[in-house]
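Trainee: quick one, structure for this:
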Amino acid sequence: MITRTTCARIPTEYGEFQLCHYHNVVDGKEHLALTMGDVAGDDVLTRVHSECFTGDVLGSKRCDCGEQLQQAMQAIAHEGRGVVIYLRQEGRGIGLENKLRAYNLQDEGYDTVDANLALGHQADEREYWAAAGILTDLGIRSVRLLTNNPAKMEHLTALGIVVLARVPVTPTINDDNIDYLAAKVSRMRHMLDIPDRPSAPSHAVNGGEFPYSARLENLRAQSLHFLAGHNRPLVTVTYAQSLDGSIAAVPGQPLRLSGPEAMVMTHALRAGHDAILVGIGTILADDPRLSTRLVQGSSPRPVILDSQLRTPLTARALDHPDGAIVATCAPTGPACQALAARGVTVLHLPGDETGRVALMPLLAALGAHGIRSVMVEGGATVLGALLRSRLVDRIIVTIAPRFVAGLPALGAGRPAADLPGLTNQTLFQLGDDIVIWGEPHWTAVPATVASA
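Mentor: Next up, the predicted model:
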């Protein structure tokens with residue numbers, strides 16, 4: 001699939017290398033190998049480097065790419081033997097144009113992962129088959145890999161490359177790349193030591209109050225005694241939508257709608273609840289951590305609605321220190337045992353005629369586990385089921401100033417008569433977004449209690 005076309009001598013400040021050009025018939029991209037010494041054989045110091053024009057050429061301080069390339073060349077020169085494979089997959093595979101668009105989103109408060117997702121891409125779209133082909137062509141049987149990225153090691157191993165060891169690459173941390181590097185550690189498993197930044201309190205920004213501070217404190221106070229009077233936790237539904245009421249562009253793919261100010265509010269809300277409820281679709285599509293990293297306060301305990309026990313053991317929501325809760329109506333079996341071994345509390349609950357978990361028994365079970373308040377972040381099936389079951393006590397909707405023409409917040413094809421209006425509502429602006437915060441008020445005859 002990949003063929004060496006030519007090589008040439010390249011003298012550098014680190015010594016003399018050979019630069020080999022490769023062509024492939026899969027996507028037509030030109031990949032490169034920068035070698036020093038006789039690299040055929042075992043235990044070859046290797047860097048698999050993805051093209052970064054801004055870092056490699058311009059010396060941008062927004063990332064550590066250029067520095068990693070220079071460190072790799074220096075380390076190889078010190079040993080007198082090694083290879084840098086240079087793959088043409090700019091911006092973790094999304095291309096230079098989209099990378100620049102992602103930079104603009106990062107300047108608005110998105111992290112490097114969410115910026116890619118907001119543009120409709122995966123967090124990392126890189127592939128490593130070309131690297132494996134080049135290593136094979138060079139006669140390299142095993143490598144010591146210069147990387148901080150465990151996924152890169154896993155991909156190469158899966159392609160038949162023997163990775164003997166990881167050789168860390170130490171970046172210089174500055175004000176322009178610390179958030180980028182921290183996101184790679186927290187969201188992409190990179191192995192780096194990043195100094196902590198002080199978190200802003202959940203009720204203040206730059207010393208001032210949020211417009212929702214009083215409501216948040218009131219919600220916390222009410223949740224303390226809600227369980228005793230209702231035999232279930234207080235339930236807050238919160239979601240972001242576009243101007244046309246869409247919460248996603250296409251099924252199964254996350255879409256970041258709200259801006260950084262609204263994201264801080266979301267994290268403050270999480271810190272104000274004992275648990276956070278999401279459907280299995282959200283876990284499979286976005287693999288969220290469901291943390292409170294933008295504010296001070298404890299992260300809520302994740303509760304996953306998973307009627308068929310499809311939750312991956314690698315899901316980041318399962319890393320909560322108190323263990324996640326998975327609610328299911330599936331029978332006990334190997335999947336249940338594997339989740340339990342992962343520290344997950346599995347609740348076996350009744351299901352409805354469609355096989356979904358019944359919501360009232362779920363909330364009662366959460367109350368029995370001492371959970372006094374639950375924040376619900378969707379998706380559409382869970383939101384609609386809770387509202388139609390009249391099991392919602394607070395509603396917080398963030399409206400982003402854009403059109404999506406995608407999936408509606410509560411699905412389609414169901415009558416609206418069993419949905420509530422809002423009372424005691426507040427409307428305020430956070431950045432470019434509008435937030436509506438209120439309490440549900442039903443007037444129609446109750447519908448049959450739903451499930452999710």
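
Trainee: quick check: residue 74 touching residue 12?
Mentor: No. In this structure residue 74 lies outside contact range of residue 12 using C-beta atoms under 8 Å: 9.8 Å. C-betas here are computed from N, CA, C, even on glycine.

Trainee: can you map out the strands along the stretch 351-452 of the chain?
Mentor: Per DSSP state E, counting those that start in this stretch, the stretch 351-452 of the chain carries strands over the ranges 373-376, 394-399, 407-408, 421-430, 433-441.

Trainee: which of the ones you listed sits most buried?
Mentor: Neighbour counts averaged per stretch over the strands of the stretch 351-452 of the chain are highest for strand 373-376, at a mean of 26; criterion: mean count of other C-beta atoms under 10 Å.

Trainee: just give me how far it sits from the chain centre.
Mentor: The chain centroid and the centroid of strand 373-376 are separated by 20 Å under C-alpha atoms, centre = their mean, to the nearest Å.

Trainee: doesn't residue 22 lie inside a helix?
Mentor: No. Counting by DSSP: H, G, I helix; E, B strand; the rest coil, residue 22 is not found in a helix; it is strand.

Trainee: pairing partners for it in the sheet, please.
Mentor: On the basis of DSSP bridges, residue 22 is bridged to residue 4, residue 31.

Trainee: show me how far stretch 397-407 is from its chain's centre.
Mentor: Counting by C-alpha atoms, centre = their mean, stretch 397-407 is centred 20 Å from the centre of its parent chain.

Trainee: equivalent analysis for stretch 378-392, please.
Mentor: 24 Å.

Trainee: how about the helices in the stretch 301-450 of the chain?
Mentor: 334-341, 359-368, 380-388 (DSSP state H, counting those that start in this stretch).

Trainee: as CSV, could you dump the C-alpha coordinates of the last one?
Mentor: In this case it means helix 380-388. Taking C-alpha atoms only, helix 380-388 is exported to CSV below (Å, rounded to 0.1, in the frame of the first residue of the first chain):
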residue,chain,number,x,y,z
ALA,A,380,-33.9,13.2,24.0
THR,A,381,-35.4,9.9,25.1
VAL,A,382,-34.5,10.4,28.7
LEU,A,383,-35.6,14.0,28.7
GLY,A,384,-39.0,13.3,27.1
ALA,A,385,-39.7,10.3,29.3
LEU,A,386,-39.0,12.2,32.6
LEU,A,387,-41.1,15.2,31.5
ARG,A,388,-44.1,13.1,30.4
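
Trainee: and the angle from it to strand 394-399?
Mentor: Relative orientation of helix 380-388 versus strand 394-399 (axes from the mean of the first three to the mean of the last three C-alpha atoms, to 10 degrees): 140 degrees.

Trainee: so which elements touch helix 380-388?
Mentor: strand 234-241, strand 275-279, strand 373-376 (3 or more C-beta pairs under 8 Å, 6 or more residues apart in numbering; DSSP states H and E).

Trainee: okay, residue 373 and residue 436: tell me how far apart.
Mentor: 20 Å (C-beta to C-beta, to the nearest Å).

Trainee: now residue 80
Mentor: 65 Å.

Trainee: so for residue 178, which of the strands of the stretch 351-452 of the chain sits nearest?
Mentor: Proximity to residue 178 (C-beta to C-beta) singles out strand 421-430 among those, at 24.3 Å.

Trainee: what ranges do the strands span in the stretch 201-350 of the chain?
Mentor: 204-205, 208-209, 234-241, 246-248, 275-279, 301-305, 325-328, 345-348.

Trainee: mind giving me a markdown table with the ones you listed and columns for mean pLDDT and mean neighbour count?
Mentor: Formatted as a markdown table, the strands of the stretch 201-350 of the chain follow (pLDDT from 0 to 100; neighbours: other C-beta atoms under 10 Å):
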| stretch | mean pLDDT | mean neighbour count |
| --- | --- | --- |
| strand 204-205 | 38 | 14 |
| strand 208-209 | 48 | 10 |
| strand 234-241 | 93 | 23 |
| strand 246-248 | 80 | 21 |
| strand 275-279 | 94 | 26 |
| strand 301-305 | 95 | 27 |
| strand 325-328 | 96 | 25 |
| strand 345-348 | 95 | 18 |
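
Trainee: out of those strands, which is closest to residue 120?
Mentor: Taking the strands of the stretch 201-350 of the chain one by one with C-beta to C-beta, strand 246-248 is closest: 11.0 Å.

Trainee: contacts for that closest one next, please.
Mentor: Contact with strand 246-248 is made by 239-241, 254-255, 257, 378-380, 403-409, as judged by C-beta atoms under 8 Å, 6 or more residues apart in numbering.

Trainee: fine by me, we can end here.
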